[in-house]
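>>> Generate coordinates for the sequence data below:
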Amino acid sequence: MRRYFLHACAATLALSAPAFAADAVTRAQVLDAIRVFDANAAGSPDPTRAAAGAGDAVAKASNTILKFAIDSDEVVVDLGPNSVPWLDVKKGFADLPQSGERGLLFAAYVAGSVKAQLRSGKPDPNPFEGWVAMLQVYRALRTREGVRIPEAEALLSRQMAGTLGAYAASALIKSNEGLRKSYGDPAGSAKVPAQQP
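Numbers count the residues shown, from 1 in each chain. Predicted coordinates for the structure are as follows:
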């Protein structure tokens, strides 16, 4: 995967806010965008065979997926520090080392989360499926470009040890506790049970 691809994707994600002003994204459109993202995000094993415009395709698909995740009531994507440890979404990622790669991993996480929730038919903020999708892209970056992101490495180690699902359930609980501390309990809310993927 070429560097310009990653930086183009990151730049597009960082500047995507104006794209969110467009019409609502339909379920069919987001599923199509996820297929495009999945087909292009990890890049070709042979950079000389990489499809022309793959970076643009990933950036456009990412914008569609992010818009759907923000606007749709069909999905809930946890963007807190427990679920997205490689990127502080409050601060952004422009100043982080390997910001382009981190942005691509963020888009993969959101795509995986949205895809799993649409497949199951219920909103679920558990980060497990998003992590699995993110780690697939991360492994490709790591293999082809030698990219090493400590927070992704930690999640990869948990996946290899078979503890990623339990860690995701723990991350969800911590996120819910953080939200309760910041905003209080919603009226009449029941405690969110830990989910096992």
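
>>> What score does D95 have for pLDDT?
The model reports D95 with a pLDDT of 79.

>>> residue contacts, it?
Listed by Cβ atoms under 8 Å, 6 or more residues apart in numbering, D95 has no contact partners. Every residue, glycine included, has its C-beta placed from N, CA and C.

>>> I'd like the numbering to begin with 710 instead of 1 from here.
Got it, the first residue is 710 from now on, which makes the last one we talked about D804.

>>> In terms of helices and strands, where is T852?
In this assignment (DSSP states H and E), T852 forms part of helix 837-854.

>>> Specify the next element, helix or strand, located C-terminal of that helix.
Sequence order places helix 859-870 as the next helix or strand after helix 837-854, per DSSP H and E.

>>> Report how many residues lie close to D787.
In terms of burial, D787 registers 22 neighbours under the definition other Cβ atoms under 10 Å.

>>> my guess is it contacts L881, does it?
Yes - with contact defined as Cβ atoms under 8 Å, D787 and L881 form a contacting pair (6.7 Å).

>>> follow-up on the earlier one: chain center to the helix holding T852, what's the gap?
Centre-to-centre, helix 837-854 and its host chain are 10 Å apart (Cα atoms, centre = their mean, to the nearest Å).

>>> Next, the buried residues of it.
Neighbour counts over helix 837-854 (16 or more other Cβ atoms under 10 Å) mark 837-844, 846-847, 849-851, 853-854 as buried.

>>> need the contact list for S792.
Neighbour list for S792: Y818, P834, P836, G839, A880, L881, S884 [criterion: Cβ under 8 Å, 6+ apart].

>>> how close does it sit to N772?
When Cβ to Cβ, to the nearest Å is the yardstick, S792 and N772 sit 21 Å from each other.

>>> Repeat that for M869.
Plainly put, M869 is 32 Å away from N772 if you go by Cβ to Cβ.

>>> Can you pick out the residue with more neighbours from those two?
N772 (22 against 10).

>>> Model confidence at that one, what's the number?
On the pLDDT scale, N772 is placed at 96.

>>> Could you point out the longest helix of the protein?
Looking across the chain with DSSP state H, the single longest helix is helix 808-829.

>>> what mean pLDDT does it have?
In this model, helix 808-829 has an average pLDDT of 96.

>>> other SSEs contacting that helix?
Counting contacts by 3 or more Cβ pairs under 8 Å, 6 or more residues apart in numbering; DSSP states H and E, helix 808-829 packs against helix 712-723, helix 736-749, helix 763-780, helix 837-854.

>>> what about 10 Å?
With contacts defined as 3 or more Cβ pairs under 10 Å, 6 or more residues apart in numbering; DSSP states H and E, the packing partners of helix 808-829 are helix 712-723, helix 736-749, helix 763-780, helix 837-854, helix 859-870.

>>> Go through those and name the closest to S891.
Nearest to S891, of all the helices and strands packed on helix 808-829, is helix 763-780, at 19.2 Å by Cβ to Cβ.

>>> What residues of that closest one count as buried?
Under the neighbour-count criterion of 16+ other Cβ under 10 Å, helix 763-780 has 763-764, 766-778 buried.

>>> Equivalent analysis for stretch 868-882, please.
Going through stretch 868-882 with 16+ other Cβ under 10 Å, the ones that come out buried are Q868, L873, G874, Y876, A877, A878, A880, L881, I882.
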